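> my questions concern the predicted model and sequence given below.
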Amino acid sequence: MMYIEHLKIEKIAMGGMGLGFHDGKAIFVANTAVGDTVDAQIYLNKKDHAFAKVTKYLERGPGVIPSGCEAFEADEPCGGCDWLMLDYHTQLQYKDILLRELFKDQLDVYGGMEASELDRNYRNKVFMPVGLQSYGIYARYSHSIVPHERCLNHPPVFDDIAGTLMQLCQKAKVEPYNELDHSGCLRHIGLRCNRDQSEILLILVCRSARLPFSKTIVHGITSAFPQICGIVQNINRDKTNVILGKEDKLLYGKSYLNDILSDIRFEINYKSFWQINSGCMEKILCAMRAWVKPDYKVIDAYCGIGAIGLGIAGEISELLGIEEIPEAVQDAKKNAENNGFDRAKYVCGKFEQKFEELNATFTADCIILDPPRSGVPESSLWNIRKAGIPRIIYLSCSPMSLARDLKILMHDGRYNLLSLSGFDMFPNTWHIETLAVLEKT
């Protein structure tokens, strides 16, 4: 193993690692800040760059604070956070720098980084793996479970419930899952809550349908935490990295919770996608509403259960949602009906397969894109260009995918970029939600 002494961290890089240079080679080091000087050990060496881990901090840079988390400070740190050792102001500065570097040619329309309402306890959902010793969060790039007493990203009640559940499962002799030989029962503990934490869903991901003393466990956990509105046993029989299986059993209450976003009431199934930071999502919807008009007909691509489309529904004329997951489409229809919005239609199918057909009969003034981290398929981007929809609102959880997709949309001046803004959906990590608005020339 190669060691580097007195490595100076000069900048922050996409992926959240600090970047220093040694003998002309870029060295990426996790859990470092700009201005740090460290001794480091290289664990992956490439031709023009390398990855290293800190063996000793010699000097700490501006903005470094005690993390307050034993899991983040462990020899093999929890992978849930990148920047828990930074004060929040510095985190926002770093994210602003990353966006400015990536979008250096669009700075004339860049509006900066919008802070999160909360920088602690902001997550409304977590799935924590269960191992032979305890539950926790996986270490970075690993399936080693790093236990914790209090995660600073999700509400304290999540760990209270998880701790009590583990005690009940031990008494009931529910064996924790062993990934090595695919044995045991309890694989993950999942928790979801609404914004005021008045409703909490508990999801027990198990290797088989058999859960010993399940009624005793349900009685014990609901007696201790009456805000639990539903307990679902999800059954994942496969040896896989995918968390949820296709089978489930309702052990208690209901399989969904109720939440409010922008004064719209939503039913959220335990499997449904829902942005993890509700306060930040409110700010994003407020920004989106400024770019639509009352006579707009809007396509909501990748619409999920309808959160974005219904969040702006009061400002537009008609809404057409496209979503490939049938259950999400049914939930979107129900959410539109429950809120009295009768000018919304939802179609089940892949956006890239449905768009051209639907656009021929639904002449949209605006299309909202909120794709997965991989971005919008290239063929769909060219189809959007061909359709000439006047306005595009693109929300991305991957700035790199967004930068790639904008190049296609803006090729040959077909679209102009009107606005670009960052939103801190994920405090204590390097991840950034980015909102772009484009207009056809």
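Great, that's in hand.
> what packs against the helix or strand of the chain with the lowest mean pLDDT?
Ranking every helix and strand in the chain by mean pLDDT, DSSP states H and E puts helix 351-359 at the bottom, with a mean of 90. On a contact count with 3 or more Cβ pairs under 8 Å, 6 or more residues apart in numbering; DSSP states H and E, helix 351-359 meets strand 297-301, strand 318-323, helix 378-387. (C-beta placed from N, C-alpha, C; glycine too.)
> residues making contact with it?
299, 301-302, 320, 322, 324, 347, 376-377, 379-380, 383-384, 387, 389 (Cβ atoms under 8 Å, 6 or more residues apart in numbering).
> for stretch 233-249, the distance to its chain's centre please.
Distance of stretch 233-249 from the chain centroid (Cα atoms, centre = their mean, to the nearest Å) equals 20 Å.
> who's in contact with it?
By Cβ under 8 Å, 6+ apart, stretch 233-249 touches 127, 182, 187-188, 190, 203-209, 211, 214, 232, 250-251, 255, 270-271.
> what do you get if the cut-off is 7 Å, keeping everything else the same?
127, 182, 187-188, 203-209, 211, 232, 251, 271 (Cβ atoms under 7 Å, 6 or more residues apart in numbering).
> same check, this time on stretch 201-218
Taking Cβ under 7 Å, 6+ apart as the rule, stretch 201-218 contacts 161, 168-169, 172-174, 177, 184-192, 221, 228-237, 243-244, 249, 251-252, 257, 270.
> can you point out the buried residues in the longest strand seen in the chain?
Of all segments of type strand in the chain, defined using DSSP state E, the longest is strand 49-59. Buried residues in strand 49-59, counting neighbours by 16 or more other Cβ atoms under 10 Å, are found at 50-54, 57.
> make sure Tyr415 is actually in contact with Leu409.
Yes - Tyr415 is within contact range of Leu409, at 4.9 Å (criterion: Cβ atoms under 7 Å).
> who touches both of these two?
Common neighbours of Tyr415 and Leu409, using Cβ under 7 Å, 6+ apart, are 392, 438.
> just the buried subset of the contacts of helix 351-359, please.
299, 301-302, 320, 322, 324, 347, 376, 380, 383-384, 387, 389.
> hey, where'd the helices end up in the stretch 151-300 of the chain?
156-171, 214-224, 278-289 (DSSP state H, counting those that start in this stretch).
> now do the second one: distance to the chain's middle.
The gap between where helix 214-224 is centred and where its chain is centred comes out at 30 Å by Cα atoms, centre = their mean.
> any buried residues in that helix, and which?
Quick answer for helix 214-224 (16+ other Cβ under 10 Å): 214, 217-218, 220-222.
> ok, now the first one?
By neighbour count on 16+ other Cβ under 10 Å, the buried set for helix 156-171 is 157-159, 161-162, 164-166, 168-169.
> gap between Arg373 and Met281?
Arg373 is 17 Å from Met281, where distance means Cβ to Cβ, to the nearest Å.
> ok, the two, which is more surrounded?
Met281 (24 against 10; other Cβ atoms under 10 Å).
> can you pull the pLDDT of that one?
On pLDDT, Met281 comes in at 97.
> what does Met1 give?
So, for Met1, pLDDT stands at 68.
> any regions of the protein where pLDDT drops low?
Scanning the chain for pLDDT under 70 picks out 1.
> could you list the domains of it?
As assigned by automatic domain parsing, the chain contains the domains 3-62, 99-118+275-440, 125-260.
> closest to Thr90 out of the ones you listed?
domain 3-62 (6.9 Å; Cβ to Cβ).
> hang on, the earlier thing: could you dump the domains of the chain into JSON lines and include distance to Gly68?
Output for the domains of the chain, formatted as JSON lines (distance: least, Cβ to Cβ, whole Å):
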{"stretch": "domain 3-62", "distance to Gly68": "14"}
{"stretch": "domain 99-118+275-440", "distance to Gly68": "11"}
{"stretch": "domain 125-260", "distance to Gly68": "6"}
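> and of these, who's closest to Glu70?
Between Glu70 and the domains of the chain, the tightest spacing by Cβ to Cβ is seen for domain 125-260, at 6.7 Å.
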